[in-house]
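Undergrad: here is the input, now give the coordinates:
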Amino acid sequence: MVWKRFLMGFIGAGLLVGGGYLAYHQYDFLDRAVETKGRVLEMVRKTRSKGRPTYAPKVSFKTAEGASVEFTSKLSSSSPSYGVGETVNVLYDPIDPQGAEIKGFLSIWLGPIVLLIMGSFMFLFSVLGGRLYTKKSVEVPKMASGNQQ
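TA: The predicted structure follows:
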């Protein structure tokens, strides 16, 4: 049973490290990013594992140098969240404009938040869970030596 808690703690720590790395990567992206306006070209239908579709916006924008770039957002939802032709704020790295994303809290921070929350729960449960759910041993008082009947 101890090995399960150890494994859960190890996985939780890995998720925390991954979430921290992803948060740093997003922070670094925001530090370099340039903001511009983009236009939603279409809502791209994606199929999830259970067969239910999700929709991600495909966006077109121009860089400060005038280059035209198209990207599909990494964030999708069960119902189309943007209309075709809608204007959106876009963040892009001038070095890699293809890595652009629609400016929004969830599109930037959802990944790190999910990993950090899952990692925290797994790690804390592995550390504290054993103490909270372990049965305390009950000492049985010893009988005094002698003939007691």
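
Undergrad: need the strands for this structure, in chain order.
TA: Here the chain has its strands, by DSSP state E, at 34-47, 53-62, 68-72, 87-93, 96-102.

Undergrad: I'd like those laid out as CSV, including mean pLDDT.
TA: Shown next, in CSV, are the strands of the chain (pLDDT from 0 to 100):
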stretch, mean pLDDT
strand 34-47, 93
strand 53-62, 94
strand 68-72, 95
strand 87-93, 95
strand 96-102, 93
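
Undergrad: any chance of these in TSV, plus distance to R5?
TA: Bear in mind the C-beta positions are built from the backbone N, C-alpha and C, glycine included. Output for the strands of the chain, formatted as TSV (distance: least, Cβ to Cβ, whole Å):
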stretch	distance to R5
strand 34-47	37
strand 53-62	35
strand 68-72	41
strand 87-93	41
strand 96-102	38
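
Undergrad: helix or strand with the lowest mean pLDDT in the chain?
TA: Least confident helix or strand of the chain, by mean pLDDT, DSSP states H and E, is helix 105-133 with a mean of 83.

Undergrad: thank you, goodbye.
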